[in-house]
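K.L.:
have a look at this prediction, sequence included:
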Amino acid sequence: MFPVVVLILVSVQSISTSSEKICATGFCKLAQSEISKTQLTDFCTGGDKKLSGRCCTSNDTLLATDLSNCNLNTFPTATDFSESSKYTVQFLAVNDNIMNVTQSDLRFFRHLDTLIAEPTVSCNNSFVHENVTSGVRICHTPRDGCTGVTCPSHSHCAGDGPGLNMCLCDDGWNSYRCLKKEGFPVVQWIAGFSVTTIVICVSLKVAQKKSIAKARASAQGS
């Protein structure tokens, strides 16, 4: 497995769930699946978790959402489900929809621990455990996407969803394949300056010798 090296500057700021379309009252017009509703309720019990409709939050950070029976044909787009909210979601239900869930759909779900889907939907080898019960497939315990992955020099592997990964530049390195070191390139500057100085000195010395030789030739001729 050879991941693409990217430089990502992430400032994870949770977006208010009131701005998430998936949590809006009208996003799903049909009733929730009973099994996913029960699972969501159990997940959202305790601590400072708050259940509002199909979404569970903690201090206005989205932790879980039940999109079962929402008449979805494809996985929610970025306009319905923001990237920053995907970072924090731990529980996701998409069962009772005519849609497939690919591994790439789960990118950015860096804390997703449980996925509930149709029994025909594969867990894509993204989770350690899966079982089919009460007409749904439950995938849980995400795989470490960095197992066996070697990133190029000056970079390291980081999880980017269940079984997914990305290579991030180490501190102090950036640009394509993390080959550019941050800060003033002292060594390179000194080397370049030294070479330039030597070239100029040699050129001046040669010019000086030529000038002296020419002056002597003129003196002898007169």
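P.N.:
In hand now; what should we look at? Being a predicted model, the structure only gives us computed values, none of them experimental.

K.L.:
going forward, measure contacts and count neighbours with C-alpha atoms only.
P.N.:
Fine.

K.L.:
low-confidence ranges in the protein?
P.N.:
1-19, 183-195, 199, 202, 206, 212-213, 215-222 (pLDDT under 70).

K.L.:
hmm, try it at 90
P.N.:
Scanning the chain for pLDDT under 90 picks out 1-20, 25-26, 78-79, 124-125, 174-177, 179-222.

K.L.:
where along it do the helices fall?
P.N.:
Taking DSSP state H to define them, one finds helices in the chain at 34-43, 83-88, 186-221.

K.L.:
got the CA positions of the shortest one in CSV?
P.N.:
These are the backbone C-alpha positions of helix 83-88, laid out as CSV (Å, rounded to 0.1, in the frame of the first residue of the first chain):
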residue,chain,number,x,y,z
GLU,A,83,-16.1,17.4,6.7
SER,A,84,-15.5,18.8,10.2
SER,A,85,-18.5,17.0,11.6
LYS,A,86,-17.3,13.7,10.1
TYR,A,87,-14.1,14.1,12.2
THR,A,88,-16.1,13.8,15.4
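
K.L.:
ok now that helix, how far from the chain's centre?
P.N.:
Distance, stretch centre to chain centre, for helix 83-88: 10 Å (Cα atoms, centre = their mean, to the nearest Å).

K.L.:
from the contact counts, what lies against that helix?
P.N.:
Applying 3 or more Cα pairs under 8 Å, 6 or more residues apart in numbering; DSSP states H and E, we find helix 83-88 packed against strand 61-66.

K.L.:
got the contact list for the strand it packs on?
P.N.:
14-17, 22-23, 32, 36-37, 40, 44, 54-57, 85, 88-94 (Cα atoms under 8 Å, 6 or more residues apart in numbering).

K.L.:
what sits against the residue nearest the centre of the chain?
P.N.:
For the chain, residue 160 is the residue whose C-alpha lies nearest the centre (Cα atoms, centre = their mean; 5.1 Å). Residue 160 makes contact with 107, 108, 109, 110, 145, 166, according to Cα under 8 Å, 6+ apart.

K.L.:
could you redo the last one with a cut-off of 10 Å?
P.N.:
87, 106, 107, 108, 109, 110, 111, 144, 145, 146, 166, 167 (Cα atoms under 10 Å, 6 or more residues apart in numbering).

K.L.:
next: residue 125.
P.N.:
103, 139, 142, 143, 162, 163.

K.L.:
by neighbours, which of these wins?
P.N.:
Of all the contacts of residue 125, residue 162 has the most neighbours under the rule other Cα atoms under 10 Å, reaching 29 neighbours.

K.L.:
in CSV: the contacts of residue 125, plus distance to residue 80.
P.N.:
Shown next, in CSV, are the contacts of residue 125 (distance: Cα to Cα, whole Å):
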residue, distance to residue 80
103, 19
139, 23
142, 24
143, 26
162, 21
163, 24
